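J.: fold the following for me, if possible:
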Amino acid sequence: MSLITRCPACATAFRVVAGQLSARGGRVRCGKCGSVFDGIAALVDAGSTDEARTTLRLEPSPQLGLFDPSRRNDPPRVDRVVDGDEEPLPAFMAEEAAPPRRALWWSLTVLAALALAGQAAYHFRSEIAAAIPGARGPLTAACAYLRCDVPLPRVLRQLAIDSYEVRADPARTGVIMLSAVIRNRAPFAQEYPALQFTLTDEGNRPLVTRSVLPGEYLEPDKARRLIAEGIGAGGEATLTLFFDATRTRATGYELVLFYPS
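T.: The predicted structure follows:
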């Protein structure tokens, strides 16, 4: 027995097979008017007495109506019912397939990865330039556009005070003289650190603390160039500083390296 389903919106009848109706729970799209309806509930029996007396307007499968626009304008009408078993049709669905979004997600993923890599390169630009000398040029060019710079690395744990000595200045009363050697143990050049020199009393309590920047302990005529170059890999910096201790009764001292924030 033929299976005929009829669109409740335009009364157009279509030949169908059971596999088509079960594809989406019976939901189909009319190839003539585009309405979506329940193909099972709209089934009619082409062999019944009542329907046999009614001439049905028969259209090709709704699937053809979806993919052949010429059939939606003025499809031909026939006065007979064609058996659905004469020419099996591929299963059709009520809803049109959504366009694939895989390419969109891949594009968004790539853009997110590039943004993350750019942020990492910006944050660690000093370390990258130190580890890969050839990268300093491109990073400097990028920073010229972004209005930033590529400072020398600041790896404090790779810096050490190899030796230092505090003694009275023989030429001036109440003045003490600090001599120290700072060594860079890193395999790359580093920014010169600042110094914090503290005089302490017998209980090791701080009495006077003074912070000294590189421009103050490097030779004045060489300070600018040395600061730009930094302490070379495995290099050292020798310094001598003078402090007025006439107003303190210091018995000890402490010297530490730090980088200003």
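
J.: so for stretch 251-261, mean pLDDT?
T.: Averaging pLDDT along stretch 251-261 gives 91.

J.: cool, and stretch 41-48?
T.: Stretch 41-48 comes out at a mean pLDDT of 69.

J.: with adjacent residues omitted, what lies nearest to residue 180?
T.: residue 164 (3.6 Å; Cβ to Cβ, 6 or more residues apart in numbering). Quick note: C-beta positions are derived from backbone N, CA and C, even for glycine.

J.: now the host helix or strand of the one you found: buried residues?
T.: Residue 164 belongs to strand 159-168 when assigned by DSSP states H and E. Neighbour-count burial for strand 159-168 flags 159, 166 (criterion: 16 or more other Cβ atoms under 10 Å).

J.: ok, back up a step: ok, the residue nearest to residue 180 - contacts?
T.: Residues near residue 164 by Cβ atoms under 8 Å, 6 or more residues apart in numbering: 178-181, 255.

J.: now tabulate those in CSV and tack on neighbour count, secondary structure and distance to residue 29.
T.: Shown next, in CSV, are the contacts of residue 164 (neighbours: other Cβ atoms under 10 Å; DSSP: H, G, I helix; E, B strand; the rest coil; distance: Cβ to Cβ, whole Å):
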residue, neighbour count, secondary structure, distance to residue 29
178, 20, strand, 89
179, 13, strand, 91
180, 20, strand, 86
181, 14, strand, 86
255, 16, strand, 84
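
J.: gap between the residue nearest to residue 180 and residue 256?
T.: 11 Å (Cβ to Cβ, to the nearest Å).

J.: could you do residue 229 as well?
T.: 24 Å.

J.: would you map the strands across this structure?
T.: With DSSP state E, the ranges of strands along the chain come out as 3-6, 13-16, 27-29, 36-38, 43-45, 58-59, 159-168, 175-184, 194-200, 206-212, 236-244, 252-258.

J.: with just CA atoms, put the strand holding residue 164 into PDB.
T.: Output of strand 159-168 as PDB, limited to C-alpha atoms (Å, rounded to 0.1, in the frame of the first residue of the first chain):
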ATOM      1  CA  LEU A 159      74.200  37.900  41.100                       C
ATOM      2  CA  ALA A 160      76.500  37.600  44.100                       C
ATOM      3  CA  ILE A 161      78.800  39.800  46.200                       C
ATOM      4  CA  ASP A 162      82.100  38.000  45.800                       C
ATOM      5  CA  SER A 163      83.800  40.200  48.500                       C
ATOM      6  CA  TYR A 164      83.300  43.400  50.300                       C
ATOM      7  CA  GLU A 165      85.100  45.300  53.000                       C
ATOM      8  CA  VAL A 166      84.200  48.300  55.200                       C
ATOM      9  CA  ARG A 167      87.000  50.300  56.900                       C
ATOM     10  CA  ALA A 168      87.600  53.900  58.100                       C
END
